[in-house]
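Colleague: Got a predicted structure plus its sequence, pasted below:
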Amino acid sequence: MYYVKVQRESLDIPSHLAELWNDNPRVGAVVSFVGLMRDINAGEQVTAMTLEHYPGMTEKALQRIVDEAGKRWDLEDIRVVHRVGELQPTDPIVLVAVASSHRGEAFRACEFVIDYLKTQAPFWKKERTADGERWVEARHSDHNAEARWKA
Amino acid sequence: MYYVKVQRESLDIPSHLAELWNDNPRVGAVVSFVGLMRDINAGEQVTAMTLEHYPGMTEKALQRIVDEAGKRWDLEDIRVVHRVGELQPTDPIVLVAVASSHRGEAFRACEFVIDYLKTQAPFWKKERTADGERWVEARHSDHNAEARWKA
Amino acid sequence: MIRLRYFAHLREQLGIGSEELEAAANVDELIGRLRARGGKWAEAFGSEGQVLAAVNQEMATPRTPIRDGDEVAFFPPVTGG
Amino acid sequence: MIRLRYFAHLREQLGIGSEELEAAANVDELIGRLRARGGKWAEAFGSEGQVLAAVNQEMATPRTPIRDGDEVAFFPPVTGG
């Protein structure tokens, strides 16, 4: 079982990274992705964001994605932590970190996990702008990114 | 000018990552690679390692690689920090971290930088094993990894 | 009976977070029943592909069967990460 | 005069870290001169591709020209990262 977590608290990225290699001298490569809240989206200034999710299903979806990554590549460990609730610009939203003996596997697996998370994990972003609140629309580019792994 | 550094001290990975997004709300994605010392290489137990480099040329080579990455992709920032001197198993050897608005660019650029670093930056590893010291031999897989970017 | 849950934009559009209904044979039949409520329901469930479904917290297709006691959720395309 | 530097395995094999020599026209000619020293020098510079060269701290090829005052370095394939 790889570590997946949904939480309201801010992400403790240093601890999660160190957990991937502490006491495991087989780890030669750790690749991590941090997704952060930007202050501009679709051309408009965004002042804050609320992240909603589907408790229960979210954790299952994340676990399924990391399990699939663990089957496709030879990995030592994976960690996924995703925030929900209120966020401000420059706040980290998600951490995906993968440890492996060699870097190629870690790069592939890390990108695979975030690509699938973007289209398969039930999170929804609502942005606050000067015009009020709006739900973020799904991006075609995310579906194209996911589709690459099916080839 | 992107940040490149060669140092004997251990890597302060949390600070370098945070520097990539603090005060820059355009950053939506940070991809990082950490290379770590393993306790086994080429089938043998390794107890310690000494990393030698070519002072002056090393920094120039790293700067050239990150500049090339900055030309190829739309990036907000890059940081490369590489250790030299004495290392123990599980010690981080190198950090390559890339910030961008979108994740695809950050993944490509991060892997590009480490692939070129592995073949172009003048570092040499000497391992200590039960049989004494030995210089690590260059890997064909690293040259294949670099060659991908020339297509 | 089955439990229905609505999330994000869909929950706000429909003005409801969850409800209990008699079971349907599959997701497609359930959507047909919801659409038949008319008004905002017909609108929300009218255009294909805008609403995703999950049965017992697993992504579902129109043909995914539904059984008594199941939890069925509807929501817009996801936007996390 | 040019300054020659040797690194890593090559430095240990040759037992020398740096030296000063008369300039050569290019890297290839310089290598030829070093190889002509015989013994461990002929061995180290004999097999193609095992030794990399840099002129003024930039990766060089056999045809890279060398000028008076240049720093020329020889070393094995790199293994950092």
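Modeller: Arrived safely, thanks for sending. Numbers count the residues shown, from 1 in each chain, chains lettered A, B, ... in the order given.

Colleague: Quick one: name the residues of chain C near chain A.
Modeller: C:5, C:7-9, C:54, C:57-59, C:73, C:75-81 (CB under 8 Å from any CB of the partner chain). The C-beta positions use only the backbone N, C-alpha and C, and glycine is treated the same way.

Colleague: And those residues, which is closest to chain B?
Modeller: Checking the residues of chain C next to chain A against chain B with CB to the nearest CB, the nearest one is residue C:81 at 8.5 Å.

Colleague: and that closest one, that's in a helix?
Modeller: No. According to DSSP: H, G, I helix; E, B strand; the rest coil, residue C:81 belongs to no helix; its state is coil.

Colleague: nearest spatial neighbour of it, skipping sequence neighbours?
Modeller: residue A:118 (4.5 Å; CB to CB, 6 or more residues apart in numbering or on different chains).

Colleague: Put the alpha carbons of the helix or strand containing the one you found into PDB.
Modeller: According to DSSP states H and E, residue A:118 maps onto helix A:103-120. Extracted in PDB, the C-alpha atoms of helix A:103-120 (Å, rounded to 0.1, in the frame of the first residue of the first chain):
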ATOM      1  CA  ARG A 103      15.600   8.000 -12.600                       C
ATOM      2  CA  GLY A 104      13.700   6.900 -15.800                       C
ATOM      3  CA  GLU A 105      11.200   4.900 -13.900                       C
ATOM      4  CA  ALA A 106      10.700   7.600 -11.400                       C
ATOM      5  CA  PHE A 107      10.100  10.300 -14.000                       C
ATOM      6  CA  ARG A 108       7.600   8.100 -15.900                       C
ATOM      7  CA  ALA A 109       5.700   7.000 -12.900                       C
ATOM      8  CA  CYS A 110       5.400  10.500 -11.400                       C
ATOM      9  CA  GLU A 111       4.000  12.000 -14.600                       C
ATOM     10  CA  PHE A 112       1.700   9.100 -15.000                       C
ATOM     11  CA  VAL A 113       0.200   9.600 -11.500                       C
ATOM     12  CA  ILE A 114      -0.400  13.300 -11.900                       C
ATOM     13  CA  ASP A 115      -1.800  12.800 -15.400                       C
ATOM     14  CA  TYR A 116      -4.400  10.300 -14.100                       C
ATOM     15  CA  LEU A 117      -5.100  12.200 -10.900                       C
ATOM     16  CA  LYS A 118      -6.100  15.200 -13.100                       C
ATOM     17  CA  THR A 119      -8.800  13.200 -14.900                       C
ATOM     18  CA  GLN A 120      -9.700  10.400 -12.500                       C
END
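
Colleague: So, low pLDDT: which residues of chain C?
Modeller: Applying pLDDT under 70 to chain C flags the ranges C:48-49.

Colleague: again, only this time at 90
Modeller: Residue ranges of chain C with pLDDT under 90: C:46-50.

Colleague: got the residue ranges for the strands in it?
Modeller: Secondary structure of chain C (DSSP state E): strands at C:2-6, C:18-21, C:52-55, C:58-60, C:71-75.

Colleague: strands paired with the first one, and their directions?
Modeller: Strand C:2-6 has its sheet partners listed here by DSSP bridges as strand C:18-21 (antiparallel), strand C:71-75 (parallel).

Colleague: So which bits of it are buried?
Modeller: C:2, C:4, C:5, C:6 (16 or more other CB atoms under 10 Å in any protein chain shown).

Colleague: Would you mind listing the outside residues contacting that strand?
Modeller: A:54, C:14, C:16-24, C:30, C:66, C:68-75 (CB atoms under 8 Å, 6 or more residues apart in numbering or on different chains).

Colleague: What of the fourth one?
Modeller: Counting by CB under 8 Å, 6+ apart, strand C:58-60 makes contact with A:57, A:60, A:61, A:120, C:27, C:52, C:53, C:54, C:72, all of which sit outside it.

Colleague: Deepest in the core, which of the strands paired with strand C:2-6 is it.
Modeller: Ranked by mean neighbour count, these are led by strand C:71-75 with a mean of 21 (mean count of other CB atoms under 10 Å in any protein chain shown).

Colleague: what separates that strand from the chain centre, distance-wise?
Modeller: Relative to its chain's centre, strand C:71-75 lies at 5 Å (CA atoms, centre = their mean, to the nearest Å).

Colleague: same thing with stretch C:74-81?
Modeller: On CA atoms, centre = their mean, the centre of stretch C:74-81 falls 13 Å from the chain's centre.

Colleague: Quick check, the residue in chain A closest to chain C?
Modeller: Closest point on chain A to chain C, by CB to the nearest CB, is residue A:123, at 2.5 Å.

Colleague: Now do the contacts for that residue.
Modeller: Per CB under 8 Å, 6+ apart, neighbours of residue A:123: A:51, A:52, A:53, A:58, A:82, A:84, C:78, C:79, C:80, C:81.

Colleague: Out of those, which is nearest to residue B:26?
Modeller: The nearest member of these to residue B:26, counting by CB to CB, is residue C:81 at 17.4 Å.

Colleague: isn't the closest one right up against residue A:117?
Modeller: Yes. Applying CB atoms under 8 Å, one finds residue C:81 in contact with residue A:117, separated by 4.9 Å.

Colleague: Residues in contact with both of the two, list them for me.
Modeller: Going by CB under 8 Å, 6+ apart, residues that sit against residue C:81 and also against residue A:117 are A:82, A:94.

Colleague: residues in contact with stretch A:12-30?
Modeller: A:3, A:32, A:34, A:76-77, A:79, A:81, A:92, A:95, A:97-103, A:105-106, B:13-14, B:17, B:33-40, B:89-90, B:92.

Colleague: Quick check on these: which are buried?
Modeller: Here, 16+ other CB under 10 Å leaves A:3, A:32, A:34, A:76-77, A:79, A:81, A:92, A:95, A:97-101, A:103, A:105-106, B:13, B:17, B:33-39, B:89-90, B:92 buried among the contacts of stretch A:12-30.

Colleague: Now the closest residue to residue C:67 other than its chain neighbours. Its backbone dihedrals?
Modeller: Nearest residue to residue C:67, sequence neighbours excluded (CB to CB, 6+ apart): residue C:23, at 6.5 Å. Dihedral pair for residue C:23: phi -60, psi 150, per degrees, to the nearest 10.

Colleague: how near is residue C:23 to residue C:75?
Modeller: The gap separating residue C:23 from residue C:75 is 20 Å, by CB to CB, to the nearest Å.

Colleague: and what of residue A:142?
Modeller: Applying CB to CB, the value for residue A:142 to residue C:75 is 16 Å.

Colleague: quick one on the thing from earlier: and the residue nearest to residue C:81, how many neighbours?
Modeller: Per other CB atoms under 10 Å in any protein chain shown, the neighbour tally for residue A:118 reads 23.

Colleague: That one contacts residue A:149, doesn't it?
Modeller: No. If you go by CB under 8 Å, residue A:118 and residue A:149 don't touch, sitting 11.9 Å apart.
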